[in-house]
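Peer 1: prediction below, plus the sequence it came from.
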Amino acid sequence: MTAPNADLLIEQLKFLIQKPESFSHDDSKRAEIERLGRLASRALETPEETMRRLIFSPLPLITTRIGQDFNLFSTLAQHSESRPASISDLSKATGLEKSILTAIMDYNGGQGVSLEVKSGFYAPTKLTHLLLQPAINDAILTFHDCVLPTFAALHGVLKSTGAADSLTAFQAGHNTSEKDIYVWLEDHPVQQGAFYRFMKTVNAGLPTWLDVVRFDEEVGVNAKPDEILFVDVGGGFGWQCRALRRTYPQLPGRVILQDRSDVITKAQGVEDTVPFSQLGIEAVGYDFFTAQLVKGARAYYLGMILHNWDDDACLKILRQQAAAMTENSVLLVEDYVLGERAAGAHYAAAFGIAMQAVHNARERSREDFVRLFGLVGLELDEIRVVTQFGISILFARKKTDDKGITDCQNSKLLISIFAVYFKLTSV
Ligand SMILES: C[S@@+](CC[C@H](N)C(=O)[O-])C[C@H]1O[C@@H](n2cnc3c(N)ncnc32)[C@H](O)[C@@H]1O
């Protein structure tokens with residue numbers, strides 16, 4: 001290792017900050033520099049800096065939500081370094097008092113979300129424009145309004161675990177008797193819209209299950225037009241059904257989207273999307289705790305569903321799907337699988353904490369899935385890792401009979417027994 005040269009490092013970092021694109025051509029190197037940069041900043045921190053970073057850690061989410069909802073970013077975006085916005089301009093546009101606004105703008109400057117060109121005058125940065133994108137807006141709104149209150153309640157809830165009147169973090173954080181966020185969302189249309197749109201982009205830029213499953217060859221071979229090809233159970237606004245149709249426009253067979261009736265109604269009204277009917281997608285209301293009425297489909301898909309529920313609820317959901325499956329059906333479960341990849345373990349762990357806080361549920365390991373499948377007459381066939389964070393697709397099929405032997409294996413076994421018998425008797 002060469003001797004450290006602080007001046008050279010400072011020069012390089014300044015160059016990187018000015019021209020990040022010079023370091024972005026090779027994505028694995030970009031990711032490594034990003035990771036090391038984060039670790040380097042932690043390694044250099046004094047204990048006091050660590051403390052200050054931690055105590056204010058919720059602020060970026062909160063100031064971003066304010067910046068989006070009070071039109072602060074959109075106002076800023078209309079200005080530039082040569083024509084900066086004054087604090088009075090911003091106060092008039094947002095309706096925020098100058099004192100809190102100045103503090104927010106000072107904080108935003110430190111986050112790179114705005115630039116103070118001269119005292120009290122501000123210009124947008126690349127980040128200001130990024131934070132105005134609808135997809136980012138939906139993500140921030142979802143985490144700020146739905147998830148953050150549950151994170152704040154988690155500590156108190158863990159302390160009171162076991163008490164007769166203990167609440168879930170969702171109930172405590174949102175001061176509600178409702179445990180199921182999906183029911184709660186129906187009374188919170190702004191948050192509901194953001195959440196379901198966010199489901200499209202939560203893993204944007206990462207590989208998807210369709211990158212690791214050749215659906216036409218592995219599931220859809222020789223499918224007839226009236227055959228049920230794919231049932232997206234709890235499929236939200238239908239992003240996976242759309243992706244499947246987009247990937248295999250010629251593949252015959254029916255594609256069915258199922259979700260709570262209220263969600264299906266909203267899914268049909270999403271702006272800027274091709275109507276389901278034009279894509280050959282049937283959208284129907286269905287509660288996955290009740291009997292699956294679509295029988296014998298080639299594939300039932302549960303995407304990011306099971307990690308929302310505890311084991312008892314998962315068994316109920318799985319049992320309904322298993323009962324509808326035939327020997328030719330496959331259950332595709334997409335979820336984090338703990339331990340499948342170490343690289344993004346902290347990201348999967350963060351989701352695990354969110355699942356606990358929001359849903360009183362958790363992420364699962366391969367063994368957990370094997371056990372759950374086994375209890376409803378299914379068996380795990382294969383797991384394929386989809387992303388470096390451990391999102392994986394699990395293939396489960398109807399379990400062979402109790403002795404672990406399929407009908408086909410049974411007949412082969414009988415033939416061999418007869419063969420041995422005839423050999424013995426013919427000697
Ligand atoms: C985390 S989202 C996943 C959405 C979609 N599968 C995806 O991967 O983008 C969970 C989904 O389960 C649906 N859901 C929740 N409770 C349900 C129920 N009882 N019956 C059917 N769907 C339900 C929600 O409406 C939501 O669309």
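Peer 2: Perfect, thanks for sending it.

Peer 1: show me this structure divided up by domain.
Peer 2: Domain segmentation of the chain under automatic domain parsing yields 12-130, 140-201, 209-398.

Peer 1: distance between the ends of the second one?
Peer 2: I take that to be domain 140-201. One end of domain 140-201 sits 12 Å from the other (CA to CA, to the nearest Å).

Peer 1: averaged pLDDT, it. What do you get?
Peer 2: Mean pLDDT, computed over domain 140-201, is 94.

Peer 1: let me know whether that domain sits next to the ligand.
Peer 2: Yes: counting by CB under 6 Å from any ligand atom, the ligand has neighbours in domain 140-201: 182, 199. The way it works is simple: take the backbone N, C-alpha and C, and place the C-beta from them, glycine included.

Peer 1: which stretches of the stretch 201-350 of the chain form strands?
Peer 2: 228-233, 254-259, 281-285, 299-303, 330-338 (DSSP state E, counting those that start in this stretch).

Peer 1: which parts of the stretch 201-350 of the chain sit against the ligand?
Peer 2: Contact residues (CB under 6 Å from any ligand atom) of the stretch 201-350 of the chain with the ligand: 234-236, 239, 259-260, 263, 286-289, 303-305, 308.

Peer 1: pull out the buried positions in stretch 256-272.
Peer 2: 256-260, 263-264, 266-267, 270 (16 or more other CB atoms under 10 Å).

Peer 1: where is pLDDT lowest across those?
Peer 2: Ranked by pLDDT, the buried residues of stretch 256-272 bottom out at V270, which scores 88.

Peer 1: could the domains of the chain go into a markdown table alongside distance to A3?
Peer 2: Shown next, in a markdown table, are the domains of the chain (distance: least, CB to CB, whole Å):
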| stretch | distance to A3 |
| --- | --- |
| domain 12-130 | 15 |
| domain 140-201 | 43 |
| domain 209-398 | 30 |
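
Peer 1: out of those, deepest packed?
Peer 2: A comparison of the domains of the chain by mean neighbour count, using mean count of other CB atoms under 10 Å, puts domain 209-398 on top with a mean of 18.

Peer 1: distance between it and the chain's centre?
Peer 2: How far domain 209-398 lies from its chain's middle: 13 Å, per CA atoms, centre = their mean, to the nearest Å.

Peer 1: residues contacting F395?
Peer 2: If a contact means CB atoms under 8 Å, 6 or more residues apart in numbering, then F395 has 330-332, 380-384 as its contacts.

Peer 1: which two of the residues you listed have the greatest separation?
Peer 2: Taking CB to CB as the measure, the contacts of F395 span a maximum distance of 14.0 Å, between L331 and R384.

Peer 1: shouldn't Q321 be in contact with V330?
Peer 2: No: contact between Q321 and V330 fails when scored by CB atoms under 8 Å: they sit 10.9 Å apart.

Peer 1: so what sits against both of these two?
Peer 2: What both Q321 and V330 touch, as defined by CB under 8 Å, 6+ apart, is the set Y300.

Peer 1: in which helix or strand does the residue nearest to L130 when sequence neighbours are not counted reside?
Peer 2: Ranked by CB to CB, 6 or more residues apart in numbering and with sequence neighbours excluded, the top spatial neighbour of L130 is I136, at 6.3 Å. Element membership for I136, per DSSP states H and E: helix 134-141.

Peer 1: starting at the chain centroid, how far to the helix or strand just after that helix?
Peer 2: Later in the chain than helix 134-141, the nearest helix or strand by DSSP H and E is helix 148-159. Centre-to-centre, helix 148-159 and its host chain are 21 Å apart (CA atoms, centre = their mean).

Peer 1: and for stretch 395-402?
Peer 2: Counting by CA atoms, centre = their mean, stretch 395-402 comes out at 28 Å from the chain centroid.

Peer 1: what is the rounded mean pLDDT of it?
Peer 2: The average pLDDT within stretch 395-402 is 84.

Peer 1: again with stretch 106-119
Peer 2: Computed over stretch 106-119, the mean pLDDT rounds to 96.

Peer 1: pull the CA atoms of that stretch into PDB?
Peer 2: Listed next in PDB are the C-alpha coordinates belonging to stretch 106-119 (Å, rounded to 0.1, in the frame of the first residue of the first chain):
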ATOM      1  CA  ASP A 106     -28.900  26.100   5.900                       C
ATOM      2  CA  TYR A 107     -29.500  22.400   6.500                       C
ATOM      3  CA  ASN A 108     -30.300  21.700   2.800                       C
ATOM      4  CA  GLY A 109     -27.000  23.400   1.800                       C
ATOM      5  CA  GLY A 110     -25.100  21.000   4.000                       C
ATOM      6  CA  GLN A 111     -26.900  18.100   2.300                       C
ATOM      7  CA  GLY A 112     -26.100  19.400  -1.200                       C
ATOM      8  CA  VAL A 113     -29.800  19.900  -1.800                       C
ATOM      9  CA  SER A 114     -29.400  23.700  -2.500                       C
ATOM     10  CA  LEU A 115     -26.500  26.100  -2.900                       C
ATOM     11  CA  GLU A 116     -26.300  29.400  -1.000                       C
ATOM     12  CA  VAL A 117     -24.800  31.600  -3.700                       C
ATOM     13  CA  LYS A 118     -24.500  34.600  -1.400                       C
ATOM     14  CA  SER A 119     -25.900  35.300   2.000                       C
END
